[in-house]
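Asks: have a look at this fold, sequence not included:
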C-alpha cells in the first residue's frame, strides 16, 4: 500500500483549483501521483504482468461492446479526451485544456499536438469528431457508451487541434462524461479491422485476443503519458489478460504464481486471505465500484400512492425492517461500507450531512405494518441473476421483511426478464445497483429525476423539490454547492423512500509482491492518470 | 434385423446401456408375480444391488419422514448465526445465511428425488409409447419417427438441456413452475433414449410366435403393442431408468453451477453446493454436506441399477 | 456392407435437418434477441433504431425464411459472422472445437487407463471383495458432481501440493509439454467420470469372453491363466470398450461446458453456452450443427468398426 498515490494535502489543493477556475490547464499535473511511489522505489522499466480477471471482453470493437474497466484487460488499449486522477477529478489526457461556454451548452477541447493512435495516425479534431459520431450512431455505439453522449447535439472542428461539442441542454458535467469510461477513441483509418485488430490510443497496444483464454497487449511506445521524471509510460513491456471465471481458481492461480494480479477476491475470502497470505501478497481496495440499493415500485401496487394511501407508511415499515448491518456481514462479509447516499467517502461527491434512512427497528416495522393499509398484500422482490450481491441482498431483504410480518416472495431473473418486469411494473421491490456514475448527474439526473426515462420506467418516483434540486445542480459550477444540493436530494430520498441505499459495492484486488507501482483507481485498474497499470512495473 | 445399433442407447447420456446388450427375455406370459418373487431371490444374490437397495431405502425413508425429522424451517434465515459449526441445535451447522443445513438437506432431498422420479417417469411416459408404436408399425412411420429421435440424440452432451432449460426458464420462473420446467426438460431429453431402446426391443419381440398368435385371434394393434409386447421389454427400461435417476440429479447440479438451477430460497442440493464454493477454504463443511448427499444418492441409484442389470440380463443371470 | 453404409449416410440428412430445425426453433423461442441487448435500457428504445438494427442483423424476416437463407449459405460453407464478436463464426469454431476435442480425447484416454485394469480385475475376481471394490470405485467417479470434484482437484493438486497449474490452456502445437501439464487436471476430471461406464462394460465383456469355449480350450492346452486373460480374452473384450469410448468422445464434445468454465479452457461448449445467453444465433446454430455432424459421423464410424471387428453382428 506504500504506493498509494493520493494524500489529503494534494486533494485539497486540487479541489481548490477546481472550485476557483472553470478552465483547467493542469497538464503539468499528470504524473504527479506516481512520484510518491517513485520516491520510495525507483520504477524499473520492463516486465510482463499477467492479470487474472473474472470476465473477458465479448468483442474487440470498444465502441460497439461494453468495456468493463474493472475486469476487461482490453481496457488497457483505450484512451479518451480526459482522464481521472486518483480523486476522481478530470485531468488532461488527449485534450490538454477544456472549457465550457457561459451557458454551458458548448464545450471546447484543445488537443495536445503530435499525438498518435496505435497505427501511427494523428489524433486530431477530425478524428475525435469521427469517433464521437460513430459512438452516437445507434447502430454501432453500445447503449451504455452512447448514453454518456446523449446530451450531444453536434460536434464541430474549429481547427486541427480544437474540437467543439454542442449540447442540447446545459451541463456542468459534460467533461466527466467524456472520461465516462467507454467514450474512447479509435483510429479512424483502422476501423475496417476493428473487430479483429483494434487500434486505440491508450497506454497499451493490442496484440492478440483469444476469447476466454488470453488478451495480449504490449506497451505503446508513443503514449503521451510520462512520470514525474519525464520517463514515458507505461513501464510494463506487456500486459497479458487471463480470464479466470471461477473465484477459487483465480485466487489459486495467484497463489501458484500463474498470474501476478487478480481483479477481485470473493468477499468471503478477503479476511482469510489477508490473514494467511498478507505477508506475501499485496491487496488493494478499489474505492467504489457501485452502489447497491433496494427500490420500491411507486408506479403501481401497495407501495404506490396511486393504489394505496398508506404507501409511504408501508415503505417506512419496510425500511425499519431492513438491517443494514446484516447485509454488510452476510452479503459483503464485512467488506466496504453501508451506504446512506449514492457516493462513498472515497468520492469527491460524498455528501457529509445526509439524513439517514429509518433505523433498523423490527418492532416498529411490525406495528407500522399492522396499522398500514395494504400491510397484508403479497409482495414480489426481484433481483438480477448476473451479480451475486444483488441476489444475496434480495435473499436477506426477503428474510428480513418476512420476519417483520410482510407477505413476500423472492425471484431471481436474467436481465431480459427483469427489464420486462420494470416495463410492466410487475414487481414491488427490486434489489439492484448502479455503477460508473462518476458525475452525480449520471445518477440523480437519470434515476431520481422524475422526468428521466429510466426513473419513469423503473420506480416512478416524483418529488418536485428533488427535481428542482437536480436540475439546478446540473448547471451549478460551484462544486461545493453542487455537492450539497445532491446531499439534500439524498436526504429527501431517504425520507420519501423510493429506494433504500444499502451498501457500497466493494472490490478487493490482490497481487504478488513482484508488482510495484500499482494502485487501482475509483473504478478499476485502467484509465487512471498517473496510476493503475500505467505506472505498474515488475521487479523481484 | 439390421438395426441392432450398439451404442445408440448411450448417446443421450454417457451412462445409458447399449441397446445391443438389451437382448429381450423370452416371454413369460402370466408370470409377472413369479418374476417379482424371482427378482427378490436374485436381488439377494447381488451384493451391489442389495447395497443400492438399502441405500435407496434409507434415502426414500428420509424423504418420506422429512416433515417429522427435520428440525428447522429450511428457508428460515438467521444471519446472525451464519456459518456455525455443527452443534446440538444445528446438527450439521448453518449455511451462509444462517439456515439449518440438516433441514435444508432433508427438504432439498425430498424435492430433488421427487423431481428426478417425475422427470424419468415423464421420459418413460412419452418415450415408451413413441418407441413401441414406431417399432410395432415399422415401415415409413418408423423411419420418420426414428429420424426425429436421431436428430435429438445428435445434440451433443449438455446442449439439449441448456437450450430447453434456458428457454423454459426465461419464459416463466415462478415457484412451482421452475420444478415443472426441470421435470419437463430432463424428461424430454431422456425421451429419445427410451424410444430407441423400446423400439429395439419391440423389433425383436415382434417376430415371435406369441405376437403372431395374438394377431391370429384378432387382437388390435394397440392392444398387441401395449398389452403383449410392453411387459416383455420392461427389464432393460427399468435398468436404464434407475441409472438415469442418478444422472438426472447430476444434471440438475451441473445446471445449478451454470446459473440455471433452482432459485433461492428453495432448498436444493445443487444450488446449495454451488453457493458453498465461496466457503470451500474458509468453511469447507458447508460444501461437504450437500456434495456428499448428491454422491450418496447418485451412487445408490447406480449401484441398484447395476445390480438390476446383472439380475435382469439373462446372459449374466444364467452364469 | 456397402449398401448399408450408403443407407446410413442417407439417414444423416434427415437427422441433421431435424437437428438444425430444432435449434432454430429453440433459439427463436428464446425471449429477446441481440437487438434488445444492443438497444439496452438507457431510455434509447426508439422503434426506428430497432427496425434499422433488426434489418442489419437480418432479424426482420420470418423464421422460415431466415432458416432457408442460413441453410443456403451453410451449404456453401458460409456460417456467417458472430453477432457479438463480429468475427466469422468459422473462426470462433476453429478455436473452440480443437480445444474441446483435445480435452475430450485425452479425457477418454484417461478413462480407459482407469477402466480397463479396473474392469479386468473385477471380472477375473468376480463376486469377490476385489470385484465389489472395483465396481464401487468406478461408480464413485460418476457420483460426484463434476464442478465440485474439479474444484477439489484444483485445491489439492495446485494449491496444496503445487504439482500442476490450476487452469489455463496452451496449444499442443505451441508447447507440447506445457500443454500437457495444463491438460492433466481437466482430463482427469473427465476420465474419472467416464471411467464408470467403461469399467462396467469392460467387466461384462470380459465375463462374456471368459465364458467362451476357446478359453477353456486354451486352459486345457496348458496356457497360463495370465496369458489367456491378457492375450486372448482382454483383446476380444476390448472391442466393445473401444467402440463405446468412441461414442463417449462424441457425446463429450458438448458436455464439457462446466469443466471449460472452471479450468478456463477455451472450448466450444462454453462458447455455445455463452452464445445462447447472448442470443448470438449464428454461433449457436453453427456450433450445434458442426458438433451434431461430429456426433452422427462418429456414431456411424463406431457402428461400422464394430461390425467389422465383430462379424456376428454383421451377419445378424
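Replies: Perfect, thanks for sending it. Quick caveat, the model's predicted, so the values are computed rather than measured.
Asks: okay, now residue A:299: neighbour count?
Replies: 19 (other C-beta atoms under 10 Å in any protein chain shown). (C-beta placed from N, C-alpha, C; glycine too.)
Asks: I'd say it and residue A:455 touch.
Replies: No - using C-beta atoms under 8 Å, residue A:299 is not in contact with residue A:455, being 10.3 Å away.
Asks: which residue ranges of the stretch 1-150 of chain C form helices?
Replies: All helices of the stretch 1-150 of chain C, identified by DSSP state H, counting those that start in this stretch, fall at C:2-29, C:34-39, C:47-56, C:63-75, C:89-124, C:129-143, C:146-153.
Asks: same check, this time on the stretch 151-300 of chain B
Replies: In the stretch 151-300 of chain B, the helices defined using DSSP H, counting those that start in this stretch lie at B:159-171, B:176-206, B:209-216, B:221-223, B:234-257, B:269-275, B:285-312.
Asks: for those, give me a markdown table that also has mean neighbour count.
Replies: Below are the helices of the stretch 151-300 of chain B laid out as a markdown table (neighbours: other C-beta atoms under 10 Å in any protein chain shown):
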| stretch | mean neighbour count |
| --- | --- |
| helix B:159-171 | 22 |
| helix B:176-206 | 23 |
| helix B:209-216 | 13 |
| helix B:221-223 | 11 |
| helix B:234-257 | 24 |
| helix B:269-275 | 25 |
| helix B:285-312 | 23 |
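Asks: make a markdown table out of the ones you listed and add distance to chain A and mean pLDDT.
Replies: A markdown table is the format used below for these (distance: least, C-beta to the nearest C-beta, whole Å; pLDDT from 0 to 100):
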| stretch | distance to chain A | mean pLDDT |
| --- | --- | --- |
| helix B:159-171 | 6 | 75 |
| helix B:176-206 | 9 | 82 |
| helix B:209-216 | 51 | 71 |
| helix B:221-223 | 43 | 71 |
| helix B:234-257 | 10 | 86 |
| helix B:269-275 | 9 | 91 |
| helix B:285-312 | 10 | 88 |
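Asks: now the ones you listed in CSV, with distance to chain C?
Replies: Formatted as CSV, those follow (distance: least, C-beta to the nearest C-beta, whole Å):
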stretch, distance to chain C
helix B:159-171, 4
helix B:176-206, 11
helix B:209-216, 20
helix B:221-223, 25
helix B:234-257, 4
helix B:269-275, 6
helix B:285-312, 4
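Asks: now do the same contact list for residue A:80.
Replies: Listed by C-beta atoms under 8 Å, 6 or more residues apart in numbering or on different chains, the contact set of residue A:80 reads A:93, A:94, A:178, A:179, A:183, A:184, A:185, A:527.
Asks: of the residues you listed, which is the most crowded?
Replies: When neighbours are counted by other C-beta under 10 Å, residue A:527 leads the contacts of residue A:80 with 29 neighbours.
Asks: so residue A:487 makes contact with residue A:340?
Replies: No - judged on C-beta under 8 Å, residue A:487 makes no contact with residue A:340 at a distance of 10.0 Å.
Asks: where does pLDDT dip in the stretch 301-450 of chain A?
Replies: A:416, A:436 (pLDDT under 70).
Asks: all strands of it, in order?
Replies: Here the stretch 301-450 of chain A has its strands, by DSSP state E, counting those that start in this stretch, at A:378-384, A:407-413, A:429-435.
Asks: which non-adjacent residue is nearest residue 241?
Replies: Since you didn't name a chain, this refers to chain A. residue A:73 (2.5 Å; C-beta to C-beta, 6 or more residues apart in numbering or on different chains).
Asks: my bad, chain C
Replies: Using C-beta to C-beta, 6+ apart, the closest residue to residue C:241 is residue C:202 (5.0 Å).
Asks: backbone dihedrals for that neighbour, please?
Replies: Main-chain torsions, residue C:202, degrees, to the nearest 10: phi -60, psi -40.
Asks: do the same with residue A:86
Replies: With angles defined as degrees, to the nearest 10, residue A:86 sits at phi -60, psi -20.
Asks: hmm, residue A:535 and it touching each other?
Replies: No - with contact defined as C-beta under 8 Å, residue A:86 does not count as touching residue A:535 (11.0 Å).
Asks: residue A:216: neighbouring residues, count only.
Replies: Look at residue A:216: counted by other C-beta under 10 Å, it has 17 neighbours.
Asks: so it, which state does it fall into?
Replies: Secondary structure, DSSP: H, G, I helix; E, B strand; the rest coil: residue A:216 is strand.
Asks: for the closest residue to residue C:159 other than its chain neighbours, pull up the helix or strand it's in.
Replies: If the residues on either side of it in the chain are set aside, residue C:159 comes closest to residue A:252, at 4.8 Å by C-beta to C-beta, 6+ apart. Residue A:252 is located in helix A:247-255, with elements delineated by DSSP states H and E.
Asks: quick check: neighbours of the next helix or strand after that helix in the sheet, parallel or antiparallel?
Replies: Using DSSP H and E, the helix or strand that follows helix A:247-255 in sequence is strand A:261-262. Here strand A:261-262 is paired, per DSSP bridges, with strand A:48-53 (parallel), strand A:499-512 (antiparallel).
Asks: right, and the helix or strand after the last one?
Replies: Stepping forward along the backbone from strand A:499-512, the first helix or strand reached (DSSP H and E) is strand A:515-516.
Asks: Provide the backbone phi and psi angles at the nearest residue to residue A:504 once chain neighbours are set aside.
Replies: In space, and not counting its chain neighbours, residue A:504 is closest to residue A:344: 4.3 Å by C-beta to C-beta, 6+ apart. Dihedral angles of residue A:344 (phi, psi; degrees, to the nearest 10) stand at phi -80, psi 170.
Asks: how close does residue A:344 get to chain B?
Replies: 23 Å (C-beta to the nearest C-beta, to the nearest Å).
Asks: residue in chain A with the shortest distance to chain C?
Replies: residue A:143 (2.5 Å; C-beta to the nearest C-beta).
Asks: one step back: figure out which of the helices of the stretch 151-300 of chain B is closest to residue A:476.
Replies: helix B:159-171 (44.2 Å; C-beta to C-beta).
Asks: adding distance to chain B, mean pLDDT and mean neighbour count, write the helices of the stretch 1-150 of chain C out as a markdown table.
Replies: Output for these, formatted as a markdown table (distance: least, C-beta to the nearest C-beta, whole Å; pLDDT from 0 to 100; neighbours: other C-beta atoms under 10 Å in any protein chain shown):
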| stretch | distance to chain B | mean pLDDT | mean neighbour count |
| --- | --- | --- | --- |
| helix C:2-29 | 3 | 84 | 16 |
| helix C:34-39 | 12 | 70 | 20 |
| helix C:47-56 | 20 | 78 | 14 |
| helix C:63-75 | 15 | 88 | 14 |
| helix C:89-124 | 9 | 91 | 21 |
| helix C:129-143 | 4 | 87 | 19 |
| helix C:146-153 | 4 | 93 | 22 |
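Asks: how about the ones you listed in a markdown table, adding distance to residue C:220?
Replies: Shown next, in a markdown table, are the helices of the stretch 1-150 of chain C (distance: least, C-beta to C-beta, whole Å):
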| stretch | distance to residue C:220 |
| --- | --- |
| helix C:2-29 | 39 |
| helix C:34-39 | 72 |
| helix C:47-56 | 78 |
| helix C:63-75 | 61 |
| helix C:89-124 | 18 |
| helix C:129-143 | 25 |
| helix C:146-153 | 47 |
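Asks: out of those helices, nearest to residue A:231?
Replies: Evaluated over the helices of the stretch 1-150 of chain C, closeness to residue A:231 peaks at helix C:89-124, with 38.1 Å, by C-beta to C-beta.
Asks: thank you kindly, that will do.
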